[in-house]
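>>> structure, please.
(chains A and B)
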2 protein chains.
Amino acid sequence: MRLEPLPGLPEVRPGDDLAALLAASGARLDPPLGPADVLVIAHKVVSKAEGRVRALADIEPSPRAIELAAEHGKDARHVQAILDESAELVRADRGRLICRTHHGFVCANAGVDQSNTGGEGVVVLLPSDPDASARALRSALGVGAVVISDSWGRPWRQGQVEVAIGCAGLRALVDHRGWPDRDGRPMAASVIAVADEAAAAADLVRKKTSGEPAVRLQGLANVLIEEEGQGAAELIRPPEDDLFR
Amino acid sequence: MRLEPLPGLPEVRPGDDLAALLAASGARLDPPLGPADVLVIAHKVVSKAEGRVRALADIEPSPRAIELAAEHGKDARHVQAILDESAELVRADRGRLICRTHHGFVCANAGVDQSNTGGEGVVVLLPSDPDASARALRSALGVGAVVISDSWGRPWRQGQVEVAIGCAGLRALVDHRGWPDRDGRPMAASVIAVADEAAAAADLVRKKTSGEPAVRLQGLANVLIEEEGQGAAELIRPPEDDLFR
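Sure thing, here's the model as predicted:
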């Protein structure tokens, strides 16, 4: 497997044709970006191109947002944006808001981000439907698969890792259960979140501060599928199956 | 970045010289395994070489193990092995035992595994000190860094991803906080768990069932350090900082 960032992408702004920008950059790779490739894209450029940004100045915080903001040392307008993206506040503790988004993702601040937003007083939201975004980019670019990623913290572990919030053209989960192990016994619990591992791998070659939101992965033909697939929605554990609520 | 599995490793058994087996395999790579490389190794071969295996037949389950086993549909001797590796049972629910190990890791079954164990009625434990194992292998192999990994489930997400349980020679966490973002503002929450991302990346090129426990990563010079580093212990979130207990 080989990974390399797409070169020379400009700052992306609302309304930009992200597929065209990625195609122009991908054509400069050697060999050019193509149907055997997995393209991992940090969601922020997708969100920006789709206009999923909000100016804090335009946000009127509710009493609940004002109360949470005071309690957790946050900007009340940022908290309001977080609440607007949330179906449920899973934990509010020690300055951190862990939310279940309308998509079903459980993550800090419902994915509403204040860094690298492209402007002062602007927050970037997650795409409304990241799997649809991935399908559209895959189709426009003619690549094997697209993964849209975000950086998330985890319970019990320090540091963030990149995870898949949208994907198309690959199996998000590869199920090895029931396959014989090396000793010939069926393997018990081996469903691998391949889309998350691809997102994490891409992050290793990306420079956080220098505008390298897209990474090409070559050599992952074994996880590609012809159809669009079930997307990253498949990665969401049903709440009733969850031990940590 | 380029990733490839180490070829032709035999089944590892207790007492085997794992470093010698890895060195012989690594010498067959082109270029041979060397000081610029990160080597990610699935813990199971490390555990086996270190004799961290137990025969179920030798385990006398306690009343608590018998009770938990009955409640969760497990083998009482397996449950006893899990309890022996645990400092705390964090959750026991719906057939799953989520434990805090003596190392401080929170994971299912305290990492005690029944697949690919090398024999019927045998369970494989995590290494006693995976950071020490990583340091010893790094020194014996003369590679830039060693990461020892395991497959873990996550709350809220389906599927397992490979994470780092031991490492040496690289920064497990890379801290971007305070660095200017693209707009010149300091980034808020960007501590990246690089060792976990390296473990996840390696998993993408490994065939679960065919004995490819070790993967060489080239092109990660930016995360290598000359010293051994603080290891994967740095990835453990202090319990008092944890929102999900």
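
>>> please make it C-alpha for all contacts and neighbour counts, starting now.
Noted.

>>> for A:Val163, see how far away the residue sitting nearest the centre point of chain A is.
For chain A, the residue sitting closest to the mean C-alpha position, by Cα atoms, centre = their mean, is A:Ser149 at 2.4 Å. Separation of A:Ser149 from A:Val163 (Cα to Cα, to the nearest Å) stands at 5 Å.

>>> quick one: low-confidence ranges for chain A?
Low-confidence segments of chain A (pLDDT under 70): A:178-189, A:208-210.

>>> show me where chain A has helices.
A:18-26, A:43-49, A:63-72, A:76-84, A:130-141, A:194-203 (DSSP state H).

>>> returning to what we had before: from A:Val46, how far off is the residue nearest to the centre of chain A?
10 Å.

>>> list the contacts of the residue nearest to the centre of chain A.
Neighbouring residues of A:Ser149 by Cα atoms under 8 Å, 6 or more residues apart in numbering or on different chains: A:Val40, A:Ile41, A:Ala42, A:His43, A:Glu162, A:Val163, A:Ala164, A:Ile165, A:Gly166, A:Ala199.

>>> go on, A:Ala193?
A:Ala172, A:Leu173, A:Val174, A:Leu235, B:Gln158, B:Gly159, B:Gln160, B:Val161.

>>> for A:Leu18, same thing?
A:Val12, A:Val45, A:Val46, A:Ala49.

>>> rerun at 7 Å
A:Leu18 makes contact with A:Ala49, according to Cα atoms under 7 Å, 6 or more residues apart in numbering or on different chains.

>>> try A:Glu88
Neighbours of A:Glu88 in contact, by Cα under 7 Å, 6+ apart: A:Cys99, A:Arg100.

>>> mind checking how far it is from chain B?
13 Å (Cα to the nearest Cα, to the nearest Å).

>>> what do you get for A:Ile148?
From A:Ile148 over to chain B the distance is 16 Å, taken as Cα to the nearest Cα.

>>> hey, what's that residue bridged with?
According to DSSP bridges, the residues that bridge with A:Ile148 are A:Ile41, A:Gly166.

>>> burial of it, as a residue count?
31 (other Cα atoms under 10 Å in any protein chain shown).

>>> likewise A:Pro155?
18.

>>> contacting residues for it?
So A:Pro155 contacts B:Asp242, B:Phe244 (Cα under 7 Å, 6+ apart).

>>> how about 8 Å then?
B:Arg237, B:Asp242, B:Leu243, B:Phe244.

>>> of these - the most surrounded one?
The contacts of A:Pro155, ranked by neighbours (other Cα under 10 Å): first place B:Arg237, 18 neighbours.

>>> wait, that one sits on A:Gln160?
No - contact criterion Cα atoms under 8 Å: B:Arg237 and A:Gln160 do not qualify, at 11.7 Å.

>>> isn't A:His72 up against A:Arg94?
Yes - at 6.7 Å, A:His72 counts as touching A:Arg94 under the criterion of Cα under 8 Å.

>>> neighbour count winner among the two?
Each of A:His72 and A:Arg94 has its neighbours counted (other Cα under 10 Å); A:His72 has more, 16 against 12.

>>> how about the more buried one: what's its closest non-neighbour residue?
A:Gly95 (4.2 Å; Cα to Cα, 6 or more residues apart in numbering or on different chains).

>>> what's the answer for A:Arg206, then?
A:Glu212 (5.7 Å).

>>> next, count neighbours for that neighbour.
21.

>>> quick one on the thing from earlier: scan the contacts of A:Ala193 and report the most crowded one.
Result: A:Ala172 is most packed of the contacts of A:Ala193 (other Cα under 10 Å), 30 neighbours.

>>> state the phi and psi torsions of that one.
phi -60, psi -40 (degrees, to the nearest 10).

>>> who touches both of A:Ser149 and A:Val163?
The contact sets of A:Ser149 and A:Val163 overlap at A:Ala199 (Cα under 8 Å, 6+ apart).

>>> tabulate the helices of chain A (TSV), appending distance to A:Ala55.
Formatted as TSV, these follow (distance: least, Cα to Cα, whole Å):
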stretch	distance to A:Ala55
helix A:18-26	21
helix A:43-49	12
helix A:63-72	16
helix A:76-84	9
helix A:130-141	21
helix A:194-203	28
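
>>> can you list the domains in chain A?
Here chain A is described, according to automatic domain parsing, as comprising the domains A:1-52+A:126-239, A:54-124.

>>> the longest one spans what distance, first to last residue?
The one in question is domain A:1-52+A:126-239. 35 Å.

>>> now do the shortest one
Domain A:54-124 has its terminal residues 7 Å apart, counting by Cα to Cα.

>>> extract the C-alpha trace of stretch A:206-221 and format it as PDB.
Below are the C-alpha coordinates for stretch A:206-221, written out as PDB (Å, rounded to 0.1, in the frame of the first residue of the first chain):
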ATOM      1  CA  ARG A 206      -1.100  14.700   5.900                       C
ATOM      2  CA  LYS A 207       0.400  17.900   7.300                       C
ATOM      3  CA  LYS A 208      -2.300  19.400   9.600                       C
ATOM      4  CA  THR A 209      -1.300  23.000   9.100                       C
ATOM      5  CA  SER A 210      -0.400  23.100   5.500                       C
ATOM      6  CA  GLY A 211      -3.500  22.400   3.600                       C
ATOM      7  CA  GLU A 212      -3.300  18.700   2.600                       C
ATOM      8  CA  PRO A 213      -6.800  17.600   3.100                       C
ATOM      9  CA  ALA A 214      -6.800  14.700   0.500                       C
ATOM     10  CA  VAL A 215      -4.700  11.600   0.400                       C
ATOM     11  CA  ARG A 216      -4.500   8.900  -2.300                       C
ATOM     12  CA  LEU A 217      -4.200   5.300  -1.100                       C
ATOM     13  CA  GLN A 218      -3.000   2.800  -3.700                       C
ATOM     14  CA  GLY A 219      -3.000  -1.000  -3.200                       C
ATOM     15  CA  LEU A 220      -6.300  -1.400  -1.400                       C
ATOM     16  CA  ALA A 221      -8.100  -3.300  -4.200                       C
END
